[in-house]
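Trainee: I would like the atomic coordinates for the input below:
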Amino acid sequence: MSTIEQIGIVVGVVFAVNLMPVFGPPTWAVLVYFGFRYELPQPLLVLAGASASAAGRLLLATVFRQIGYRLPRKRRTDLEAIGATLTDKRRGRWGVLALFLVSPLPSTQLFEAAGLTPQVRLLPITAAFFCGRLVTYSIYVAGASVAATTLESLLDDGLASPWLIALQLLLLALLVAFVLTPWAKILGYQREADEASS
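Mentor: Here you go, the predicted model:
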């Protein structure tokens, strides 16, 4: 199998993993596995992985944006309120970008929340995510190569870990809470909207 075909498989698998809304394996573990299986050059593997990961997350956020448009009007107003607050000031916009650049949290729920928040621009946060993942994936791939870690131990430790499952469930619950929080009332957004329309 040629290097191009191998990279195509890596890109396809990483893209699919990053479309999973919950319980997907960590992308770095997938990259480490393919690094051992195909012995691809690390810079190429990391670049392909970060690109496919960013593309998958962008599509996931876009799907959630479409879901957000179909929520009841009250929920949409609440999400607009938090979006307006996060993106209103320049400092807030930079904070959102920094969150996607260096956040230690799993990115799935971050992108789902961003997708549900209409004012958050998806391309800039995806670019920040891509840049951050170039660094983190490089560290994981290089570190795993030095330690000669196997995929079996990575996935067994990751997917079967009760802590990881609990974390995923907690983050899913936080996403639901994010959607159900009456942000417009808390932030006074509905009153401002009413004043602007009167």
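
Trainee: Quick check: which ranges of this protein have low pLDDT?
Mentor: Regions of the chain meeting the criterion pLDDT under 70 cover residues 86, 88-96, 99, 101-106, 145-161, 163-165, 167-168, 190-198.

Trainee: longest helix of it?
Mentor: helix 42-69 (DSSP state H).

Trainee: Which strands and helices lie in contact with that helix?
Mentor: If contacts are counted by 3 or more Cβ pairs under 8 Å, 6 or more residues apart in numbering; DSSP states H and E, helix 42-69 sits against helix 3-19, helix 27-38, helix 73-88, helix 107-116, helix 122-147. C-beta here means a position set from N, CA and C on the backbone, and glycine is covered the same way.

Trainee: Can you check what angle separates it from helix 27-38?
Mentor: Counting by axes from the mean of the first three to the mean of the last three Cα atoms, to 10 degrees, helix 42-69 lies at 140 degrees to helix 27-38.

Trainee: how far does helix 42-69 sit from the chain's center?
Mentor: Computed by Cα atoms, centre = their mean, to the nearest Å, the chain-centroid distance of helix 42-69 equals 7 Å.

Trainee: residues of stretch 113-128 that come out buried?
Mentor: 113-120, 122, 125-126, 128 (16 or more other Cβ atoms under 10 Å).

Trainee: coming back round to it: the helices and strands packed on helix 42-69 into CSV, with extra columns for distance to L174?
Mentor: Shown next, in CSV, are the helices and strands packed on helix 42-69 (distance: least, Cβ to Cβ, whole Å):
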stretch, distance to L174
helix 3-19, 19
helix 27-38, 21
helix 73-88, 13
helix 107-116, 7
helix 122-147, 18
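
Trainee: what's the angle between the longest helix of the chain and helix 122-147?
Mentor: Going by the same axes, to 10 degrees, helix 42-69 makes 140 degrees with helix 122-147.

Trainee: and P21, how many neighbours does it have?
Mentor: Neighbour count for P21, taken as other Cβ atoms under 10 Å: 14.

Trainee: List the residues that contact it.
Mentor: Going by Cβ atoms under 8 Å, 6 or more residues apart in numbering, P21 touches 60, 108, 112.

Trainee: Let me see the backbone angles for it.
Mentor: Backbone torsions of P21, given as degrees, to the nearest 10, read phi -70, psi -20.

Trainee: Give me the distance between it and L31.
Mentor: With the distance defined as Cβ to Cβ, to the nearest Å, P21 ends up 21 Å from L31.

Trainee: One more: V141?
Mentor: Distance of V141 to L31, computed by Cβ to Cβ: 6 Å.
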